[in-house]
Structure formats: structure tokens, C-alpha cells
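S.K.: Model the structure of this input:
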Amino acid sequence: MKVVIVGGVAGGATAAARIRRLDENAQVVVFERSGYISYANCGLPYYIGGVIEDSRELTLQTPESFLQRFRIEMKVRHEVLAIHPEQKTVTVRNLNTGETFEESYDKLLLSPGAKPTQPELPGTGTDRLFTLRTVEDTLRIHEFVKKEKPKSAILAGGGFIGLELAENLHDLGIQVTIVQRPKQLMNPLDSEMAAFIHAKMRSEGIRLMLGHSVEGFAQSEGGVQVLLKGEEPLSADLVILAIGVTPDTVLAREAGLKLGLKGSIVVNDRMETSVPDIYAVGDAVQVRHAVTGSDAVISLAGPANKQGRIAADNICGLDSHYQGSQGSSVIKLFDMTIAATGINEKTAQKEGISYDKIYLSPMNHAGYYPGGTVMSMKILFEKETYRLLGAQIVGYEGVDKRIDVLATAIHMNMSALQLKDLDLAYAPPYSSAKDPVNMAGYMADNLAAGRYRQFFLEDLENLPRDGSVTLLDTRTVREYERGHAEGFRNLPLDELRDRLEEVPREKPVYVMCQSGLRSYLACRILTQNGFSCYNFSGGYRLYETVHLDQLAAKEEYPCGMDRR
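M.R.: Alright, predicted model coming up:
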């Protein structure tokens, strides 16, 4: 059996190695357009920033090491120009020599990945404008920064690559501005959770221009101008386009393969395309979202590796199936960690899923152990069944641990109620006896049992301020005086039982505290004393972060805040 693989990196290189482990006699040839067969995409920004000092550390395998260990031909700087399914051949060009030749196959695996999205805007050919996708891109940016020593940079886009680049360029002493059309960074998060990231970035001195449309670029003396719709242009020494990626599927389209969302390659759960004996994996393929069941394009390294292994299994006669992508992700920003899994509210609404949510702000470990920090958690679940749908966490230490527990729970189709029963490891430096994930389960259990009712950030502005409802802030007097939501009067939790006569019994009571815990305790007291009570989910901490973010977006507070 002869297998030809188009593209290396996560999907193609993984598949090649797996094929060899399953079939010692298979002939495997990999064609890679770039000069690197297996490299760490996710590490590229950290080489630019100097965290990774040696560019060789980015290369996971070389053609020589692959040949020696696996007896697999890894042909870099070879571009596949066309696929001929009827003849079972591909046309290949050697980019070093210009030679063009035909290569036959019994099985063909496409792993072309995705390319940086480059809108058709004027000025994209300027020599100070870069994209970042390959090692070659990284080396070009690294060399430019080293030689030109830019003092300012504009990043068009605020996804994973854009934010990691922002941090690394900032650490080099470069003034960074992020410009993008969406009004929030990090699309996997909902807007109120993204507000914590905005505050962090501003506190580090990174300028955010969200909700601004880039219309083109123009070379200027010693720099480049970013042209904005309806506004004055911005100037910088360096511009990097990081507005997302697009499946690189020109070959597949020209060969007549069925395409789906964003021009991605349609595959079944065996990673087979619409054409016999042709498989496809990685950022170029359309998959099933594991939570919604809908078609999706999810460009992440983890799914690409799994798909490469599954395609290799099926090429070698096994029967492996891909169970869908959940979109689990994590990113480091300075000392902050942001993670998400499953779907967010925007997706739930788009899919017509009836959902509910809880917010909590637990410490990453036991409160009495030094060095604890607060994490902000948001959990989504199906309204009737409590089936877990998604989670978002912003914090410092311990975020990655909790998101992986929640990702596993979602994969196993658990309900939010079952989180309280998980037996999780505990020691004071790492967690609390009631782990944050357990706490989310306790909250869901109380909600399901009717022990409390919630109201949310989006409900605040619609609450009447005419005296027909009672608005209480149960924090201490000192906390309240430092800032509070409009219309909420202070009645500290520890004084509530002795001052119940101050709360009108005939009116609904809406209660807020710093994180949602004291207001929950207040609601338990009030409910058992005959009041109709609602607890503000997320607490004043969430309210203040979003409020300050909105002010900062209007440039009233350009620096934001970083609260732990």
C-alpha cells in the first residue's frame, strides 16, 4: 500500500507516524509546502518574544529524523498542485528546483491546514505588514524586530495568535495596539467574561480599539498606516494581520471534493471525503460539534492530532471514528489564564438551545493558604435536563485544571448536578475541600431544587427604580462605599436578621454582593422569612468589570483595572 500525505504538522505528521506503527510495509510519502514538516504552531509567538530562544526548539521532527525512525519520505518544499482522483495521482512541484512530476497513490490524506485570513484590502503588500502561520513567517517577523527595532505595533485581530503576539511584543518593549471589528476579544467567551481580559490588557498598557473596521494599509515614512472606516488612520512601525484563518482547500475544490462551511472539506466520522480513498484531517475539515451536533470548523491542534490518528487507523484497515470537536482551549496572557470548552451563550442562542447559567468566583486553592487568587467561572447547561453545555474561566493558577475537569464532564454527557459528586484531589496549595467544580455542582443543585432564583447582568437595567421592588447590597459598609450598582441600598448580611423589618415583605427583593455567595445566604434568610428573593449571579465583581470595560471603550478610563 502506498499512502501520499499532503501537509505535515499536526494532522499529517501524526497520521504518517501512526501508519508506520500499524503497517511496517506501507510506503508513505509526505509532501509539505513549507520547509518544516513538524513544528509547534502554538509556540511561534513565544519565539518572536524571546521566551523560546532557539528556533530549533520549534521543530518537533525533521525529514531526517522521520526517515531514520519511521522510514517515511518527508519531502519539504514540495507543493502539490493538483489531485487526479480518477488516475489516483497528484501533481507535485519541487519548489527548490521548479521540477514538476506525478506521484501515484493507493490512499491519499489531505492535511493542508488553514491559511491566515487576508481580506482584499488595499496595501496588503507593504513590507511592514506580516501574517503568522508558519515557521518561515515567524523567522521573518523575528528578523524584522531584531533588525528594525520597532517601537510600535498594530495587531489586526484579537484571537489566540493576536493576543499571544500582543503579550510577546509588549514584553520586548513595543507599544501594542489591537484593532478589530468585533467589540470583544476571544470569540469563544461571552462578552461579560471577555471584559476581564480587556481589563488585564489595558492594565498592562496595551491599547484596545474594539469595534473598529480596518479598510486598508498605506506605506508611510519609516512605518505603515492602518486605514480605519470613518476615522483617522493609525500609524505604527509594524502591522500583523491576525484576524483568523481560512481552510486551505483549493486543491480539494479543484479535485471535486464536497465542501462545507467556510469552504472546508466535508468528511464523515472516519475522516473520509466524498471521493473514495481520499481522507482529510485538521484545520481544513468540517466536523460535528460534540455539544450541538451541528457542523463546525474548529482550528485547534488537539482535534487535528486525533483526526490524523483516526484517518491512519482507517487507511490501515481498522475501524476508528471521530466523536466530534468540543472546542476546548486555553491561553496564557501575562500572568492570567483564560480557558473555555463547549459552547457559549451566543452559540446556544443561535442553535435554539434552552439554557441556564451560573457564575461563581472561587479561590484557586484554600483561602487560608498564602497566594490564593480568584477565578471567574461561568457554566452553561440545558434548562430542563441540566446537561452541561459549556464553561468559561478567567483567572490565574488552577484555571487549566478546572477547565479540563469540565471538558471531561461535558464529553461524558454529565449534568451540572453531577459535578457536586466528583471526587477531586485536594490539598491546601492546590484546591479547597469543596473544589470550584464541586461548588458549581452545589449551585446547580440548589437551583434545581428551587432553593434560590437568579437574575443576571442583562436584567439589571430593566429593574424598576420606582420603589416597586427592593434592591439590596449585602456587602460591608466599606465595600459598598467604594462602589455599588445604581439603586441598590446597603444592608450588610451579618445585620440582615436583626433588620428584617426594614425590608418590605410585599415587594420582590433583588440582592447583590461581591461574588454571589453572601447574596445567596441573604436570599436563604429572606426566603425562609416569607420574602420573594432573587440573587444576582456573578456579583458586583462581574458588574464592576463590565461597567468599567464599557467606560474604557469610550476612552473615559483608558487603563482599566486588574482585580484579583
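S.K.: First-to-last residue distance for stretch 110-117?
M.R.: Stretch 110-117 has an end-to-end distance of 20 Å (criterion: C-alpha to C-alpha, to the nearest Å).
S.K.: which parts of it are buried?
M.R.: In terms of neighbour count (16 or more other C-beta atoms under 10 Å), stretch 110-117 has its buried residues at 110-116. Quick note: C-beta positions are derived from backbone N, CA and C, even for glycine.
S.K.: Also stretch 318-326?
M.R.: Residues 320, 322, 324-326 are the ones in stretch 318-326 that count as buried (16+ other C-beta under 10 Å).
S.K.: Next: stretch 499-514.
M.R.: 503, 508-514.
S.K.: May I ask which two of those residues are separated the most?
M.R.: With distance counted by C-beta to C-beta, no two of the buried residues of stretch 499-514 lie farther apart than Pro508 and Gln514, which are 21.8 Å apart.
S.K.: now the strands for the stretch 301-450 of the chain?
M.R.: Listed in chain order, the strands of the stretch 301-450 of the chain (DSSP state E, counting those that start in this stretch) span residues 329-333, 336-342, 355-360, 376-382, 388-395.
S.K.: Could you do the stretch 51-200 of the chain as well?
M.R.: Read by DSSP E, counting those that start in this stretch, the stretch 51-200 of the chain holds these strands, from start to end of the chain: 59-61, 73-76, 78-84, 89-94, 100-104, 107-110, 114-116, 129-131, 152-156, 175-180.
S.K.: where are the low-confidence patches of the stretch 51-200 of the chain?
M.R.: Applying pLDDT under 70 to the stretch 51-200 of the chain flags the ranges 59-60.
S.K.: whoops, I mixed them up, the stretch 401-550 of the chain
M.R.: Counting by pLDDT under 70, the stretch 401-550 of the chain contains no low-confidence residues.
S.K.: Now do the helices in it.
M.R.: Shown for the stretch 401-550 of the chain, the helices assigned by DSSP state H, counting those that start in this stretch span residues 436-448, 457-460, 477-482, 517-527, 539-553.
S.K.: how about those, which one is nearest Arg133?
M.R.: helix 539-553 (29.9 Å).
S.K.: mind exporting that closest one as PDB, just the C-alpha atoms?
M.R.: Presented in PDB, the C-alpha positions along helix 539-553 are these (Å, rounded to 0.1, in the frame of the first residue of the first chain):
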ATOM      1  CA  GLY A 539     -21.900  39.600  42.000                       C
ATOM      2  CA  TYR A 540     -20.600  43.200  42.000                       C
ATOM      3  CA  ARG A 541     -17.200  41.900  40.800                       C
ATOM      4  CA  LEU A 542     -18.700  41.000  37.400                       C
ATOM      5  CA  TYR A 543     -20.900  44.100  37.300                       C
ATOM      6  CA  GLU A 544     -18.000  46.400  38.000                       C
ATOM      7  CA  THR A 545     -15.700  44.700  35.500                       C
ATOM      8  CA  VAL A 546     -18.200  45.000  32.700                       C
ATOM      9  CA  HIS A 547     -19.100  48.600  33.700                       C
ATOM     10  CA  LEU A 548     -15.500  49.700  33.700                       C
ATOM     11  CA  ASP A 549     -15.000  48.000  30.400                       C
ATOM     12  CA  GLN A 550     -17.800  49.900  28.800                       C
ATOM     13  CA  LEU A 551     -16.300  53.200  30.100                       C
ATOM     14  CA  ALA A 552     -12.900  52.300  28.900                       C
ATOM     15  CA  ALA A 553     -14.300  51.500  25.400                       C
END
